[in-house]
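Asks: build the 3D model from these lines:
(2 chains)
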Amino acid sequence: QQQVKQSPQSLIVQKGGISIINCAYENTAFDYFPWYQQFPGKGPALLIAIRPDVSEKKEGRFTISFNKSAKQFSLHIMDSQPGDSATYFCAASELGYGQNFVFGPGTRLSVLP
Amino acid sequence: EAQVTQNPRYLITVTGKKLTVTCSQNMNHEYMSWYRQDPGLGLRQIYYSMNVEVTDKGDVPEGYKVSRKEKRNFPLILESPSPNQTSLYFCASSFWANTGELFFGEGSRLTVL
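Replies: Numbers count the residues shown, from 1 in each chain, chains lettered A, B, ... in the order given. Predicted coordinates for the structure are as follows:
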């Protein structure tokens, strides 16, 4: 019930291409779905987040698509750049219940120049 | 500068030798948490704290202790470390009031021989 599944485990994209990472969850009580970006040697940092009352949220080149009925959400990185090369974690939480996050296993993205 | 500071960043120790990883935040956050990051498993929560003197177990608490005597500090204690506690540890904090964003430290890489 608490697990968040994430795919693919790794992703290689050419510069300018679209990177897509998918996540799925089971617990219908989750009401907050963030994506975290982690560069080598650093802690994760919040990239973008969505609440289940909207189906899409866009911030610059980064878009979250959310499908409540399928219990799935995805991160799309448009015009991917070498500087986007990092590990991406999706997560889910019940914000009113201690803010305890369940993280996916992560996707290592490499954007080739 | 707003930050979460962990020490030490790197540590090699031997089985059974007690150690403490310190965590301090300067953002007046109520919520603090410890995670461990292992390849293919993502970030798993060890312990969390809603506020001073309030702590609770996360998903993988065995072999760890925490305390929250001051709002800014949340040390992680390994009373008798074992090799399966070799991992990358992250401390994180956030405001309790449903803002959702976790602020992570830069991580502490622990090796138990």
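Asks: could you use CA atoms for every contact and neighbour count after this?
Replies: Will do.
Asks: spatially central residue in chain B, please.
Replies: B:Trp34 (3.0 Å; C-alpha atoms, centre = their mean).
Asks: beta-bridge partners for it, please?
Replies: On DSSP bridges, the residues paired with B:Trp34 through beta bridges are B:Tyr47, B:Cys91.
Asks: counting neighbours, what do you get for residue 40?
Replies: You didn't pick a chain, so chain A it is. A:Pro40 has 10 neighbours, counted by other C-alpha atoms under 10 Å in any protein chain shown.
Asks: looking at chain B here, not the other one
Replies: Neighbour tally, B:Gly40, other C-alpha under 10 Å: 11.
Asks: hang on, it is in a helix, isn't it?
Replies: No - membership of B:Gly40 in a helix is not supported by DSSP: H, G, I helix; E, B strand; the rest coil, which gives coil.
Asks: got a list of what the residue of chain A found nearest chain B touches?
Replies: With C-alpha to the nearest C-alpha, the shortest gap between chain A and chain B falls at A:Pro105, namely 3.7 Å. Contacts for A:Pro105 (C-alpha atoms under 8 Å, 6 or more residues apart in numbering or on different chains) come out as A:5-6, A:9, A:89, B:39-43.
Asks: who does the residue of chain B found nearest chain A bridge with?
Replies: Proximity of chain B to chain A (C-alpha to the nearest C-alpha) peaks at B:Gly42, 3.7 Å away. Going by DSSP bridges, B:Gly42 is paired in beta bridges with B:Asp38.
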